[in-house]
Every structure is written in C-alpha cells, then in structure tokens.
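> Sequence first, predicted coordinates after that:
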2 protein chains.
Amino acid sequence: MTLPAADVVAQLTALIGGNAVIGETDKMGNFLNEPRKRFHQTAAAVALPASVEQVQAIVRWASEHGIGVIPQGGNTGLVGAQVPLRGDEVIVSLGKLDRIRSVDVAAGTMTAEAGVILENAHKAAEAENTIFPLWLASQGSARVGGLLSSNAGGVNVLAYGNARELTMGVEAVLADGRLYQGLNSLKKDNTGYDLKDLLVGAEGTLGIITAATLKIFPKPEDYETALVNITGPEAALTLFQMVRERIGSRLNAFEIIPAAGLAMQLRHGMLDRDPTAGPSHWYGLIEVSRMKGGAAGTLMAAIEAAFADGLIDNAVLAESLSDRTRMWSFREQMSEVQSKEGASIKHDVSVPIAAVPQLIAEGSAAAERLFPGIRPVPFGHMGDGNIHFNFSQPIGADGKTFMAQADEAMHEAIYEIVLRLGGSISAEHGIGQLKRELLAQVKDPVALDMMRAIKTALDPKGILNPGKMLG
Amino acid sequence: MTLPAADVVAQLTALIGGNAVIGETDKMGNFLNEPRKRFHQTAAAVALPASVEQVQAIVRWASEHGIGVIPQGGNTGLVGAQVPLRGDEVIVSLGKLDRIRSVDVAAGTMTAEAGVILENAHKAAEAENTIFPLWLASQGSARVGGLLSSNAGGVNVLAYGNARELTMGVEAVLADGRLYQGLNSLKKDNTGYDLKDLLVGAEGTLGIITAATLKIFPKPEDYETALVNITGPEAALTLFQMVRERIGSRLNAFEIIPAAGLAMQLRHGMLDRDPTAGPSHWYGLIEVSRMKGGAAGTLMAAIEAAFADGLIDNAVLAESLSDRTRMWSFREQMSEVQSKEGASIKHDVSVPIAAVPQLIAEGSAAAERLFPGIRPVPFGHMGDGNIHFNFSQPIGADGKTFMAQADEAMHEAIYEIVLRLGGSISAEHGIGQLKRELLAQVKDPVALDMMRAIKTALDPKGILNPGKMLG
C-alpha cells in the first residue's frame, strides 16, 4: 500500500463522507469479528458506500493507489473471505445497498442489491406468493452479495440449485471501477462467455457484486415432511435413489443426521420434544413440495414403499407446521449444538453421492483410530453428496488440548479420503483464507493456472480481495 | 500462418497418421458444408484425432506454429462457429472420440466424449432407465462437444435447463495443449472459479472440450402431452403462469405455434393428420412428466382449470405414443416446413417471458409494414421467452429477390425490438461467424472487454477457433 492509514481514511471520507467511513480499529468490531473467530487481522478502514456509484468511486480510487478492497456482506462467511488478511485493506461493506429493485412474477425474477438480507429477499418473494428458495441457517444476517460471492448452498439445493443456479444475472464493479451491467431476466442468452457464473463464487476476487437478478418460483401449496429411521448411510443412499425416482424434482431436501445429534440436542434442551419416531442409529429428513392442485400423499406413498422394501423401520410425518418446524430445527441446530459439546473439528466436504457411505465409514473409523473417544457427527445434505463431517471432542477432554492435537491430523485424514473418492475439500463454504494453502495443494495445477490467468486478466493490479482463494 | 498448406498436412500426418488427415479440399465436404450453406471457406486440413492425447498433440503443434484450430462435432451449428473463417485453419473433428466412458445411475451422471452423437447419449441413459434430457431437432447428428460448446437448448430447458445446466464438469485441451481435467460428479464444489461454465458456451475459443460429465435423471413413468387452442400470445402467457403454478418443475415444455405453421405442414403433407382440436389462431404444446407412483391427470386438471378461466377454447390430450409423436412432429417440423415455403428470414431471439406477446405483436406489425405480404411464423419456447421469430416470403414472390430486399431490414427491425425489450440477439444458437459483428454492436462494452481479457489470458496466441464470437 502506498498510503498511510490516516490518508486512506481522509481520502475515503472525501469520496463518500465521514459518516460512511470507519477509521478506528476499536469501532470495526462488527466488520472484523467473523463467526469462527479464527481470523484476527485489522483493516485500514471500513467504507460503507450508499450507492453503486460510491462503490465505483472507491474502487477507482483503490486502483489508483494500489489499495486492496474487501467486499463484505453480512460477515457470516466461514472461511475468512470477507475479513482482512494483511491489515492494510479497506473493507467495503455493501450493507447500505439493501434495496429490492423489483419483483417480477411474470418473468420469475427479483432484482436485489448486494446488501439485501436473505430473509428480506424471502419476504419480498412471499409477498407476491412466490419463493426465493435459498435457505440456510444464517439467513437472518447473510446478504445477497456475500451469498452469491460464496455460491451459497443450503437445504434446498436438491430441488432448486445453489446460489449460482438461482442467479440469472449480476451487476458488478470491476477492478478499474467500471460497472459490468449483467442484470437480466433471460432464461436463454448465448451471446458470449458466461461472466455471471464467473463472478458468482469468485469470493470478490474478480469484481464486487452490487446487485443480482434472482430466480423466484411459484410457491408450493404445501410441503410434506418426514423424519425416517434408517440403519445407516447405505440404506439412506438406496432410499434416496428410490425417493428421487418417485418424486423427481419436487424432492426439496434429503438430509441425514446421526443419533448422536439427537442425543446432544435433547441433552441441551434445544428441542421441546423428540421429533423422531423413536431411537435409531440414523435419521433422514425428507421434504417434498406439492404444487397447487397436486395430489397429497406423495411422500407417504414413497415411505410406505420404503417400509415394504425394508429400507426404513419407522417414520413420522409432520402433521402440522409446528411438527415441520421442529423437524427442521433438529436439522438446523446441528452446528450450534456441537459448540455446546465443547471443541469440534469441521469439514465441509462433498463426494459423488454414491460414495457418501464410504466417506462416513472410512472417516469415522480413521478418527476413532487416531483419537479414541472422538465423536463423529457427520450430517447434512445427503442428496447433494455434501456432508458436514464434524467431530466433537471426547467427553471430558480439554477442548484446547484436543484441538491442538487433533485439528490438523483430522483434516489430513478426512481430506485424504475425500480426494481419493473424487470429492471436494469445500462443498459449500468456499476457500477464503482458511483453505487457500490446501487448495494450492489439492487442486489440478492446470485449473489453478487458468484461475490465476483469469484473475490477472480481470484484476491486473491485484486489488480485489487480495490473497483470498488463490493466495 | 507460418506454414504452407502442404506442410500442415505433412506435419499433421506425422502426428496422427495419414488416414486421420484430409488435405484435399474436394474431400472436405462433410466438414465444410454447414446446415445453412452460408459459409463457404475452405480449411488447410481436417484432422481426425482418435484420442485425447492426439488432440493435445495437434494443439501443441498448432500453438508452436501459430495455426488456428477449429473444433468440430456433428457440424450442425447454425452460426458458422464450426467451419473456417479465413481458410488457413485446421478443422479438428472430434468424431472419433465417441466413447461413453461411464454411466453411473447412483451418482446421476454419464461421462461422454466430445464425439458422442446426442442420440447415442440418449440411448446409453435409457439403457439404465434414466434420461439425458437434452432434446433437439438435430440429435441424430449433433455431438456432445458441439452441443456443450454452443450451450444448446432444445425443448426441455424448462424442466431440466440448457446444456450448461446439464453439465457437471468438462475435460478440455487448452491453447498450449495441456489438459484441463475438470470431469467430476459433484453437485457442490466451491473450490475456485467456475471454469466449467466458462468453457461451456465458449464456441471452442477457450479450449477444446474432449469429454464431459453430464447429468442424467430418473426416467419419468409417463408423460402427459396436450395441444391447446389459444387466442394468442397474451393468453399463452397467462396460461403458462397458471400451468407453472400448478405443475412447477415437472412442466417439461410449453411451446407455441401459429396457425400458419399448421396450414403449411398440412399443405406439404408433413402430418398424417391434423393433430389439433380444430382451427385456432394459435396452438400451445404442453408436456408434463409423471414420476413413478405419481397420480395421473395433472395436465388434464390444469387444462380444465384453464377452460374455466376462459384461457383456452379447445384442447386435445395425447392418448397414445403416436398421438404424442404427432404433436411433437408438428412442433419440430416448423423449421423444415418453412424451407418448403420458399425463402425465409430467421431470428433466434429471447426476451423476458412477460415480453413475448409484445415482441410477437411489434415484430409482426413491423414486418407487415416493411414488406406487405410477408408471413410471420414466430414459434418456439414460450416458457423460456425464446421465440424463433421467422418470416416466410410472400406467396408467389421470388425468393432471392425477397432475401436481397428484406433480410437486412428485417434483422434490424427485429433486433431493435428485442434489445428494447431487454432481450438477447442469440438465445440458443450462439454467435460464431454469423453474429460477431452484431455482437460487437449490441453487447455491453464492459462485458466485451471482460470477454476479450479472458480470451487473451487463456489463448494468448489466438489459435483457438480464431475470429469466432469476438472477431
């Protein structure tokens, strides 16, 4: 960086006003403290632009002075992409760009600015009797720009796709301050390279997304939700194939949770009552949507067929909204409950669906071999091959000692299995700071070279979220 | 080019053998003559590599000598992307790479080489009781590599997406001959930029796709297909919204065809009998899939509701496979029948769905104003906002004179309307040679700059399909 921090603040103030610039480190807390508390770097300043033009002005200025800019949304990212790495960067918070520019039911689109909180996007869609089907635990604070930059997934990827698939077009400020005006409502447009999909998931390293055209869908008339008792991941895989064959694209979610997850939540009083049909080694959460005028009972019929085939030995169907909510809470509280059980080691990984049972079996066995008493808690999006393969510390162990001993070794063990099975070391959460060294080790070198060439082509001065993803 | 054509042939022969190289122009017919007969350039040679390694060897050699290479699949492209522009290029036909490497029902994937004919991909999927749902008129000759490079659409985009959305990963030879090994079966993989979606739809200008992991889906148990009589595009739009709300993602197709299309096909004896319920200004072809164990009658119920709402005034449901085939023939013969009616001017355009009625009304009026007696025949993928806005010559007019007078003027008129409505000048067919000058005029200059920067970064010598898309 060529400018002292005081000049950075003064010049940013001249650009967008003093109320929109934070220069004192002790006032930056909300922008520096990320959910996992793993990254502890300060920033030269936090800028809070109130318009796309102000974002452009900031980036133009940053480009002139070679200053790094870090786009930030709700600061909910789990890999440190949205917080500083060096300490001399400017955080550009998009929170003030929180306008929903339009909702067009006939076109099936909503245009939302980067700072729109996901829950507000949900509400805007629902006000028109439609849905924006990106649902995840942090939806009360995560914002559109960050969700797209990290290509967020969530619990409805099975039916509707991830953030990339839910985005029709983006508007983004490029490294020289120019605006890429890629908003559109076209389902088909073969006029050149797919720049939208390049910007989505780029973690702010190729441009700062300022708005997006998002897909909205007709609101299903109802949902059918069930918790089924299954013997294990092998049976879950067979059940998934069977359900998918019967229900196709109306299958919203197919999640698995091990018995340990239920026990933990009941122990910590996180469920008002047991939502399952009774004790089981594993549970499957299955949800199907029913469109207007469609016949009810699709899921029940599939479950009856699964009983007949011996795939499940008990099940409970949600009979009310509160039943459904409890079932989903059981699934969504899985991360939170682990923090109540002491230290935990986490892996957000994916493998081809058919390899999920092998992943869970081998990963659990490796953990038990390395650290007897460790508690494997693999759960998540079976239908996407995406398992949050987490491990809680042994009961009674010291958390810090456990992490010091086990963290690295467990990562190595799990990633080795994942890569051997043709999987990904980051299914949903991205690379950011956390996994950039890992990425350099495991990614196809040709792919890395392509990525670096694209990065250099679109951000020759390297000012956009410097050091993230590609190092 | 630095080498005389004879040396090109000799050196290619040394690389891949004499039987795999065509040097005589008069033997290149199948590779030069594209469907529209608009491009008449020769090639320095045609190379027919039999392996990925041979493709790499050819590109490495081309890179050393600065020779342009044009990847070609089934030579069915409609914009001249797959045939030479200058005459000194080498056509690299991928036809011999026609192996289906694997079909994995549990993972929901098929890995097919670039030269696999689409119909053979269909058969391989169906042999495992699954479908690969990319269906289009040229499926008997179009090949996987070309379909992906042009991001082909077709009649089932509504339910399953276009070629890009149907592709999970690609393998491609890059400009320096290295192999990008991006095949994978992962539904979620957030480890870097979306290189797959960049290579898909790039018309061979960023790499030569040699294989792809394609999505396959459970085969529906049955289809429900109907031809409905509708007053016009406005009613079709309302009907589409209503059907979508009731049927959601099981709605496979929603196509519209004007009365003129039926009259033409009956006149030329292209239908063994009228597949419609009777005379109407417009027809809608609607198809819904029914999954295993699902209730029948979904489409009938929607049609009854549409009757009650006054949206349609007659309808016929397919009662047999031959009914269904006839309905689809009626739709798929629309292009062919126009060639039997003399000269025609074609536009493959898209607009936001809600703007389709305005596009058709304004475009038809403009045509009639400019060229009285011209016959507008707009038809196609209403549900994608993608209309093949074609115009047949006035009855009795001279075809050549008509084209000389009307071709340019009609393009201008239609593209003006399309762009004003926020649409695309190429919905499905791409840019190639045909629309590269048009693209330079109408595309956002910032987007064009990004595309050029990416092209230069990944193909610094400009040897991959030179001059296509970006000029």
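Looks like it came in fine. Residues are numbered from 1 along each chain as shown, chains lettered A, B, ... in the order given.
> Distance from the chain centre to stretch A:150-164, please.
With C-alpha atoms, centre = their mean, to the nearest Å as the basis, stretch A:150-164 stands 8 Å off its chain's centre.
> what's the first-to-last distance across that stretch?
9 Å (C-alpha to C-alpha, to the nearest Å).
> what's the spacing between the residue most central in space within chain A and chain B?
Nearest to the mean C-alpha position of chain A, by C-alpha atoms, centre = their mean, lies residue A:152 at 3.5 Å. Going from residue A:152 to chain B by C-beta to the nearest C-beta, to the nearest Å gives 9 Å. All C-beta spots, glycine's among them, are computed from the backbone N, C-alpha and C.
> shaky segments in the stretch 101-250 of chain A?
By pLDDT under 70, the stretch 101-250 of chain A has no low-scoring segment.
> all strands for it, in order.
For the stretch 101-250 of chain A, the strands defined by DSSP state E, counting those that start in this stretch occupy A:109-113, A:130-131, A:167-173, A:179-181, A:208-215, A:217-218, A:222-230.
> The second one - contacts with which helices or strands?
Looking back up the chat, that one is strand A:130-131. Here strand A:130-131 touches strand A:217-218, going by 3 or more C-beta pairs under 8 Å, 6 or more residues apart in numbering or on different chains; DSSP states H and E.
> Likewise for the fourth one?
The criterion is 3+ C-beta pairs under 8 Å, 6+ apart, and the helices and strands that strand A:179-181 contacts are strand A:167-173, helix B:445-458.
> Those: which one's closest to residue B:220?
Checking the helices and strands packed on strand A:179-181 against residue B:220 by C-beta to C-beta gives strand A:167-173 as the closest, at 26.5 Å.
> now the angle between strand A:208-215 and the closest one, please.
Interaxial angle, strand A:167-173 versus strand A:208-215 (axes from the mean of the first three to the mean of the last three C-alpha atoms, to 10 degrees): 160 degrees.
> Give the pairing partners of strand A:167-173; include direction for each.
Strand A:167-173 has its sheet partners listed here by DSSP bridges as strand A:179-181 (antiparallel), strand A:208-215 (antiparallel).
> Would you mind finding the most buried of the strands of the stretch 101-250 of chain A?
Ranked by mean neighbour count, those are led by strand A:208-215 with a mean of 28 (mean count of other C-beta atoms under 10 Å in any protein chain shown).
> how about stretch A:235-248: buried residues?
Using 16 or more other C-beta atoms under 10 Å in any protein chain shown as the test for burial, stretch A:235-248 gives A:235-248.
> Name the surrounding residues that touch that stretch.
A:228, A:230, A:251, A:254, A:256, A:282, A:284, A:286, A:288, A:298-299, A:301-302, A:305-306, A:309, A:311-312, A:353-354, A:356-357, A:382-383, B:105-106, B:217-218, B:220, B:249-250, B:289, B:291-294 (C-beta atoms under 8 Å, 6 or more residues apart in numbering or on different chains).
> quick one: the helices in the stretch 1-150 of chain A?
A:5-16, A:29-32, A:52-65, A:118-126, A:144-149 (DSSP state H, counting those that start in this stretch).
> hang on, I meant the stretch 201-350 of chain A
Using DSSP H, counting those that start in this stretch, helices in the stretch 201-350 of chain A cover A:233-247, A:259-267, A:298-308, A:321-332, A:334-340.
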